[in-house]
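K.L.:
have a look; sequence and predicted model below, questions after that.
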Amino acid sequence: MMFSKSVRATPFLKDACFSRAFAESIRQFSHGLPSRMASKGKDIHTSTIVEPPKVQPPEGSTISLKSSSRDDSMFGTRPIYLDVQATTPTDPRVLDKMLTFYTGLYGNPHSSTHAYGWETEKEVEKARAHVAELIGADPKEIIFTSGATETNNMVIKGVPRFYKKTKRHIITTQTEHKCVLDSARHMQDEGYDVTYLPVNSEGLISLDDLRKAIRKDTCLVSIMAVNNEIGVIQPLKEIGEICREHKVFFHTDAAQAYGKIDIDVNDMKIDLLSISSHKIYGPKGAGACFIRRRPRVRLEPIITGGGQERGLRSGTLAPPLVCGFGEAARLMKEESKYDRAYIDRLSEKLKKGLLSIPSTQFNGSTNPKYQYPGCVNVSFAYIEGESLLMALKDIALSSGSACTSASLEPSYVLHALGADDALAHSSIRFGIGRFTTEAEIDYVINAINERVEFLRKMSPLWEMVQEGIDLNSIEWSGH
Amino acid sequence: MTTSKQVLGLYKSLLEKAYKFDNYNFREYAKRKVSDSFRMNKDVKDENEIKNLYNEGINQLAMLDRQTTISKMFTFDKLVVEPLRKHH
Ligand SMILES: Cc1ncc(COP(=O)(O)O)c(C=O)c1O
């Protein structure tokens, strides 16, 4: 790798070759490390002979960046789970409910001629009521689906198609989940116009932009409630009011918000809302769509057939999943105060512990009104997120959303906030949930502190910054 | 009438069960939840309410009994924050 003198402002970390090479060099470097590498240099004053750790990582393993301050052989090996935005563990109380359907209650809820059908149907309706209650909806307004992806598809394709004779325009934002953006692209291919609203540096849309974007033929506004990467909460009530005023349907993807922040569909004038079960400690493969009845929202179904779920989503319901989802929703309501106070406390602790590291940045809103505390997204400058993730094999984390974390591409959400590539590349999302423990948070703070320091020590970028070189004045070459 | 001896007995049984989760996160949650719930309701005086809470606790005990059994049937590696118990 060489740098030339010409000044080019283009971001350099975007270059995947560079990132991969950097990551590889770290992997190789970390191989040659003594296992008690960092911060214990002062130990020479003590007279005890330090025994090598009993358990060495296997040959060829990349796990070499072990903690310097404890004997790892005394502890387990499975990583801490801190990725609750991707999915949550199934609550044992939810599983308890589900098991009754995998054992005795196996009837088809749509069988209306016998007791097996009736008993499961009754349970399904109870679940529907629980799901509705959490957002102040009527149970009749809840349609069960396979998850938020299906719901988002159903809404973004279904509503404009129903009103296609008069309306051809959809508004959404640049920071939506991939399944919303992809459905919107699909509608563009079908000849609809789509406006993608920009967001400010905190990830919030501007209400003025929204007002200006609404046209006579606008049919649907789709703006997510809580962002899955940075946890920022959009001003739902204000958006709802603008939409109602202009007689445009307002859909919100509440996969990350449902049960975690207060939502009332009537107060916020929400017309359609997407819910996912596996983000609230329920089973995977279940979700729901809230569809307002008054004023009525019509949509063209994607899945047709037996006419279940008011003809909007045909197919036999899965009572184990639906009722597990219902139980998860009931628990979210019952535990809401308890869970939120707990998550708030751990989040504060984690944020404090991470942001005390130099050259770090919190991504999201600093106003608690617009920030969900269970999602803490932090950028560590002069380190590449993927390298840090690689050095953190003992913590299950993600840089960006689950669907994009497999690639080395920087997050499009952070890009939309105006973050440069380097920052977008070096961000990591920490998710805190009901089952996260304080000991885990302490461990994570300690591990991140240690390894950020370690990675920076061998980062040529960090060295240059310490020497006062402006990184933006360097052009990288050598692809 | 629910006696304070019954309530104390329920608390001890629930906590005992909570410790039986093999899964670290469920175990820690159940322990925290049991003690916090009793602490939160320690000033409840209304007899009917006490009875309802007691019955709710009995249901939770049955659930914990089933779920801790399942947790012990499907075990996974210990987490990096879990000290390994030395056997023998
Ligand atoms: C904001 C958002 N929308 C939609 C989804 C997809 O949900 P599901 O997995 O239920 O299809 C997710 C989950 O990744 C999400 O975070």
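P.N.:
Perfect, thanks for sending it. As the structure is a prediction and not an experimental result, all values here were calculated from the model.

K.L.:
only C-alpha atoms for contact and neighbour calcs from this point on.
P.N.:
Noted.

K.L.:
burial count for A:Glu334?
P.N.:
By the other CA atoms under 10 Å in any protein chain shown criterion, the neighbourhood of A:Glu334 contains 12 residues.

K.L.:
ok, now B:Met63?
P.N.:
The burial metric for B:Met63, expressed as a neighbour count using other CA under 10 Å, is 18.

K.L.:
what residues are up against it?
P.N.:
A:93, A:96 (CA atoms under 8 Å, 6 or more residues apart in numbering or on different chains).

K.L.:
starting at the chain centroid, how far to the helix or strand it falls within?
P.N.:
Applying DSSP states H and E as the criterion places B:Met63 in helix B:47-73. Relative to the chain's own centre, helix B:47-73 is displaced by 8 Å; criterion: CA atoms, centre = their mean, to the nearest Å.

K.L.:
what mean pLDDT does it get?
P.N.:
Rounded to a whole number, the mean pLDDT of helix B:47-73 is 94.

K.L.:
in it, what's buried?
P.N.:
Within helix B:47-73, the residues scored as buried using 16 or more other CA atoms under 10 Å in any protein chain shown are B:50, B:53-54, B:57-58, B:61, B:63-65, B:67-68, B:71.

K.L.:
in CSV: those, plus distance to the ligand.
P.N.:
Below are those laid out as CSV (distance: CA to the nearest ligand atom, whole Å):
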residue, distance to the ligand
B:Ile50, 39
B:Leu53, 34
B:Tyr54, 36
B:Gly57, 32
B:Ile58, 34
B:Leu61, 31
B:Met63, 27
B:Leu64, 28
B:Asp65, 30
B:Gln67, 25
B:Thr68, 28
B:Ser71, 25
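
K.L.:
with distance to A:Asp91 added, can I get those in TSV?
P.N.:
Shown next, in TSV, are these (distance: CA to CA, whole Å):
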residue	distance to A:Asp91
B:Ile50	26
B:Leu53	21
B:Tyr54	22
B:Gly57	17
B:Ile58	19
B:Leu61	15
B:Met63	12
B:Leu64	12
B:Asp65	15
B:Gln67	10
B:Thr68	12
B:Ser71	12
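
K.L.:
and of the residues you listed, the nearest to A:Arg451?
P.N.:
Lowest distance from A:Arg451 to the buried residues of helix B:47-73 (CA to CA) belongs to B:Ser71, with 33.5 Å.

K.L.:
A:Pro92 versus the closest one, what's the distance?
P.N.:
When distance is defined by CA to CA, to the nearest Å, B:Ser71 is 9 Å away from A:Pro92.

K.L.:
one more: B:Thr2?
P.N.:
28 Å.

K.L.:
just A:Lys247 next, same as before
P.N.:
To A:Pro92, A:Lys247 is 44 Å away according to CA to CA.

K.L.:
run a quick neighbour tally on the spatially closest residue to A:Ile263 that is not a sequence neighbour.
P.N.:
On the basis of CA to CA, 6 or more residues apart in numbering or on different chains, the spatially nearest residue to A:Ile263 that is not a chain neighbour turns out to be A:Ile135, at 5.3 Å. Counted by other CA under 10 Å, the residues lying close to A:Ile135 total 20.

K.L.:
who are the contact partners of A:Ile135?
P.N.:
A:258, A:262-265 are the contacts of A:Ile135 under CA under 8 Å, 6+ apart.

K.L.:
at 6 Å instead, please
P.N.:
With CA atoms under 6 Å, 6 or more residues apart in numbering or on different chains as the criterion, the residues that contact A:Ile135 are A:263-265.

K.L.:
domain parsing for chain A?
P.N.:
Domains of chain A are assigned by the TED database as A:92-331, A:336-471.

K.L.:
before we move on, back to that, higher neighbour count, B:Thr2 and A:Pro92?
P.N.:
A:Pro92 (20 against 14).

K.L.:
show me where chain A has its strands.
P.N.:
A:2-4, A:80-81, A:142-145, A:169-173, A:193-197, A:218-222, A:249-253, A:272-276, A:287-291, A:360-363, A:375-380, A:395-396, A:427-431, A:475-477 (DSSP state E).

K.L.:
just say which of those strands is most tucked in.
P.N.:
Each of these was given a mean neighbour count from mean count of other CA atoms under 10 Å in any protein chain shown, and the largest, a mean of 30, is that of strand A:272-276.
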